[in-house]
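A.B. asks: Starting from these lines, generate the structure:
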Amino acid sequence: MVTITAPRGLAGVVVTDTGIGDVRGREGFYHYRQYSAVDLAQARTFEDVWYLMVHGELPGTAEGADFTARTTAMRRLPAEVRDALPLIARAGSGPLAGLRTALSLLGASAGFRPVYDIDGDRRTADALTVCAAVPTLLTALHRIGRGLDPVEPRDDLPYAANYLYMLTGSEPDPVRARAVEQYLISTVDHGFNASTFTARVIASTGADVAACLVGAVGALSGPLHGGAPSRALDTLDAIGSPDRIDAWVREKVLAGERIMGFGHAVYRTEDPRSRMLRGIAQQFGDPLVDFAVQVEERVEAILAELKPGRELHTNVEFYAGVVMELCGLPREMFTPTFCAARAVGWSANILEQAADSKIIRPAARYVGPPPPQPVPTAGQN
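C.D. replies: Numbering: from 1, shown residues only. Below you'll find the model as predicted:
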């Protein structure tokens, strides 16, 4: 077997072909299928983009209505899953960790079978079932963890508005619902990030859709992947006021510490998601937004001074935190909200991977003590 040495983290390594989307980091551009993701967020609904990710094209009026009706009917949980949520929530690990257990139970309850053993229609149905249930699971786990009763989904509300309704118990105003919807659309997919790749690796084994999603959620739970929106907002809290920006930032940069919300593994220019979310945030006209813009400007200027030649701009998490804060989402639900959107992208990747029966099985270079060595008898070193 011919082996190829890859860089740490597989950076820059192309592992497969995909028709789902791509990230062009040097251009500051990313897309879903053949459309700019930012353009989609500005012009279409979440349900339209969900349809696009699953079917490869945007829906017409009739197709969109049918798809929305179908997925809306999947929002309600089976009784055995719903009844188990209080026990899961009592573990106290939070909605994202609880989601892993709940998804496993949902897959078992719904009779999910390995994707290797079922046809494309059944795979798609399983993927839609999981994606429709994720917001219901996350909001229920959050509310139960706070001593509140879960809020049942409403069939008359679109995806984003229904998510906010289940989270807060109140129907959101259209401006905030649309802002959250645009954020959700902008985070549906983003190349072969850690959680997406995890989902595809599991799908390559032929496992069921729920198992693939559980693995993806586990990858997302790591602070280096999905934990930054609230941490970026914590940065604004730590700075506190405009007169403290420069001193705070200089201290962090000179100490070699990371400033949350800045820099990206792929983008070498402004993150297009950050640019869009900044515009959404500015529509609210809130002092928090003005402060965030000031911090962004000064951080970039100081980084340019102290780290010349190394461009660092705000990433999606910086203004995502601002938008979600203004829309009334609690900070502990920032990453779960990201998860609710990304589940759609994961599922699209799972369906694409399931169509290829080749298991993903790379190699590793052994660097331990040279074998074979004599095995010592019991009790000897």
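
A.B. asks: what comes into contact with stretch 75-94?
C.D. replies: Applying C-beta atoms under 8 Å, 6 or more residues apart in numbering, the contact partners of stretch 75-94 are 97-98, 101-102, 105-106, 109-110, 132-133, 135-137, 140-141, 144-145, 150, 152-153, 155, 162, 332. For the C-beta atoms, the positions are set from N, CA and C on the backbone; glycine is no exception.

A.B. asks: Those residues, buried ones only, as a PyMOL selection?
C.D. replies: In PyMOL, this line selects whichever of the contacts of stretch 75-94 come out buried by 16 or more other C-beta atoms under 10 Å:
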select buried, resi 97+98+101+102+105+106+109+110+132+133+135+136+137+140+141+144+145+150+153+162
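
A.B. asks: For Ala364, what is the enclosing helix or strand?
C.D. replies: Taking DSSP states H and E as the definition, Ala364 sits outside all helices and strands.

A.B. asks: how close does it sit to Met333?
C.D. replies: Ala364 sits 37 Å away from Met333, going by C-beta to C-beta, to the nearest Å.

A.B. asks: Pick out whichever of these two has more residues nearby.
C.D. replies: Met333 (23 against 6; other C-beta atoms under 10 Å).

A.B. asks: what's the nearest residue to that one if we skip its chain neighbours?
C.D. replies: The shortest distance from Met333 to any non-neighbouring residue, by C-beta to C-beta, 6 or more residues apart in numbering, is to His142 (5.8 Å).

A.B. asks: same for the host helix or strand of that neighbour, what does it pack against?
C.D. replies: Per DSSP H and E, His142 falls inside helix 120-145. If you count contacts as 3 or more C-beta pairs under 8 Å, 6 or more residues apart in numbering; DSSP states H and E, helix 120-145 packs onto helix 46-55, helix 61-72, helix 79-90, helix 95-109, helix 159-168, helix 209-220, helix 334-354.

A.B. asks: give me every residue that touches Ala378.
C.D. replies: Taking C-beta under 8 Å, 6+ apart, one finds nothing in contact with Ala378.

A.B. asks: Just the endpoints, please. Distance across stretch 23-41?
C.D. replies: By C-alpha to C-alpha, to the nearest Å, the extent of stretch 23-41 from end to end equals 16 Å.

A.B. asks: what's the average pLDDT for it?
C.D. replies: Stretch 23-41 comes out with an average pLDDT of 93.

A.B. asks: in that stretch, what's buried?
C.D. replies: Val23, Gly25, Gly28, Tyr30, His31, Tyr32, Arg33, Tyr35, Ala37, Val38, Leu40, Ala41.

A.B. asks: Same question for stretch 85-93.
C.D. replies: Neighbour-count burial for stretch 85-93 [16+ other C-beta under 10 Å]: Leu85, Ile88, Ala89.

A.B. asks: cool, and stretch 152-166?
C.D. replies: So stretch 152-166, judged by 16+ other C-beta under 10 Å, has buried residues Pro153, Leu157, Pro158, Tyr159, Ala160, Ala161, Asn162, Tyr163, Leu164, Tyr165, Met166.

A.B. asks: Output it as CSV, nothing but the C-alphas.
C.D. replies: Below are the C-alpha coordinates for stretch 152-166, written out as CSV (Å, rounded to 0.1, in the frame of the first residue of the first chain):
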residue,chain,number,x,y,z
GLU,A,152,-44.6,22.2,22.2
PRO,A,153,-43.8,23.3,18.7
ARG,A,154,-46.3,25.2,16.6
ASP,A,155,-47.2,24.2,13.1
ASP,A,156,-48.0,27.7,12.0
LEU,A,157,-44.6,29.2,12.7
PRO,A,158,-41.5,28.9,10.4
TYR,A,159,-38.4,27.1,11.5
ALA,A,160,-36.6,30.0,13.2
ALA,A,161,-39.7,31.6,14.7
ASN,A,162,-40.8,28.3,16.1
TYR,A,163,-37.3,27.7,17.6
LEU,A,164,-37.5,31.0,19.4
TYR,A,165,-41.0,30.3,20.5
MET,A,166,-40.1,26.9,22.0
